[in-house]
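Participant: sequence and predicted structure below; questions after.
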Amino acid sequence: MKHPIILDTDPGIDDAVAMIVLHHFRKTNIRLIVAGYGNIKAEQTVKNALLMCDLLSMDTPVLKGAVVPQYGSYEDAAHIHGADGLGGMSLGTSKKQPLASSDFLKTLYDTIIEAGTVDYITLGPLTNLALLLKRYPDVRSHIARVVTMGGGIACGNVTPHAEFNIHCDAESADEVFASGLPIALVPLDTTNHVTFSMEQIESLSSVKTPLACLMQKILEENYKNCTRYGEEGSTMHDSTAVLYYLFPEYFKTEQCGITVDSQKYYGKTIVTKERNHVTLIKGAESQTLCDLILSCITSEGR
Ligand code: BDR
Ligand code: CA
């Protein structure tokens, strides 16, 4: 069943691409975008979300989420996403404003209650969702399922053990996994292989839409940064999670429990046998996903 979607994100280049993919397949279904801290400060992720909405002629409201983790501090990922989170090329700002709210958790809660039942997709730190579940425990019965890009079972990208979204706020991530909500976790072990080559990125130049031109420039920048840090190409972590949400048949999965270490290996996601409410994504047909993502970029924003 197609529920309204809450998209909790921190754009971010691969978040921006994920917005294109989700919009392409579920235009009328996205109820709210929550843009919090993560790849860069929340002030900027909100601007980037609004800018992407402009490019996609999308009128989904954007709500500013958490500006810091629940516990401790965090380091951004501007070295991968650029100083502005979208390749560092001063793209200008949207004339639209985020939702006026003095209490983002209440606004998020009210939106979910009004929608009845939602699917909740997270592409950034799990801070917003952990705070929501803590303040409004009854919201649990209004979330059909969660799809999360995050974690790494046999690898990390911030440390050898930890992935960025989980490492930003490991305690919040652990709270979300402990909540018992049905969660599909799309980890680095799968997303690391969904990468655009420079040839694929350059192929966008044959498409003359403003969106394709812009994404070509942004993805070229991302390719340089990702490969500098040892990745295979421009890595589409967040679109992979969105594609799992849309087309689970393209993915291999396993049921398990997950806990998150907040001690020695801060942010490490650990598979447990104690519960099996987590659908762990174990692999996908990477090039099929890349082709699908490219086709979304080339057919949107006309
Ligand atoms: C995740 O971290 C962020 O930098 C990306 O947007 C993605 O959500 C990958 O580790
Ligand atoms: Ca992200």
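Facilitator: Structure received. Ligands and ions are numbered 1, 2, ... in the order given.

Participant: hey, let's count contacts and neighbours off CA atoms from now on
Facilitator: Will do.

Participant: quick one: the helices in the stretch 201-302 of the chain, in order.
Facilitator: 210-228, 237-246, 286-299 (DSSP state H, counting those that start in this stretch).

Participant: output the shortest one in PDB with nothing but the alpha carbons.
Facilitator: This means helix 237-246. Extracted as PDB, the C-alpha positions of helix 237-246 are listed here (Å, rounded to 0.1, in the frame of the first residue of the first chain):
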ATOM      1  CA  HIS A 237      24.200   6.000  -1.300                       C
ATOM      2  CA  ASP A 238      20.900   7.700  -0.700                       C
ATOM      3  CA  SER A 239      19.300   7.000  -4.100                       C
ATOM      4  CA  THR A 240      20.000   3.300  -3.500                       C
ATOM      5  CA  ALA A 241      17.900   3.500  -0.300                       C
ATOM      6  CA  VAL A 242      15.100   5.200  -2.200                       C
ATOM      7  CA  LEU A 243      15.300   2.600  -4.900                       C
ATOM      8  CA  TYR A 244      15.000  -0.100  -2.300                       C
ATOM      9  CA  TYR A 245      11.900   1.600  -1.000                       C
ATOM     10  CA  LEU A 246      10.400   1.700  -4.500                       C
END
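
Participant: and the angle for that helix with helix 286-299?
Facilitator: 100 degrees (axes from the mean of the first three to the mean of the last three CA atoms, to 10 degrees).

Participant: what residues does helix 237-246 touch?
Facilitator: Helix 237-246 is contacted by residues 14-15, 17-19, 21-22, 25, 121, 123, 147-149, 186, 188, 191-192, 194, 250-251, 289, 293 when judged by CA atoms under 8 Å, 6 or more residues apart in numbering.

Participant: please identify which of the helices of the stretch 201-302 of the chain is closest to residue 38.
Facilitator: Shortest separation from residue 38 across the helices of the stretch 201-302 of the chain is recorded for helix 237-246, at 13.0 Å, computed as CA to CA.

Participant: is the closest one up against ligand 2 anywhere?
Facilitator: No - for helix 237-246, no contact with ligand 2 is found by CA under 5 Å from the ion; the gap never falls below 5.9 Å.

Participant: whether that helix contacts ligand 1 - can you check?
Facilitator: Yes - using CA under 6 Å from any ligand atom, we find that helix 237-246 touches ligand 1 at 237, 238.

Participant: how about that helix: buried residues?
Facilitator: Within helix 237-246, the residues scored as buried using 16 or more other CA atoms under 10 Å are 237, 238, 239, 240, 241, 242, 243, 244, 245.

Participant: picking up where we left off before, now mean pLDDT too, for the helices of the stretch 201-302 of the chain, in CSV please.
Facilitator: Listed next are these as CSV, based on pLDDT from 0 to 100:
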stretch, mean pLDDT
helix 210-228, 94
helix 237-246, 98
helix 286-299, 96
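
Participant: pick the most deeply packed of those helices.
Facilitator: Among these, the stretch with the highest mean neighbour count (mean count of other CA atoms under 10 Å) is helix 237-246, at a mean of 24.

Participant: what about residue 145, how many residues nearby?
Facilitator: Per other CA atoms under 10 Å, the neighbour tally for residue 145 reads 19.
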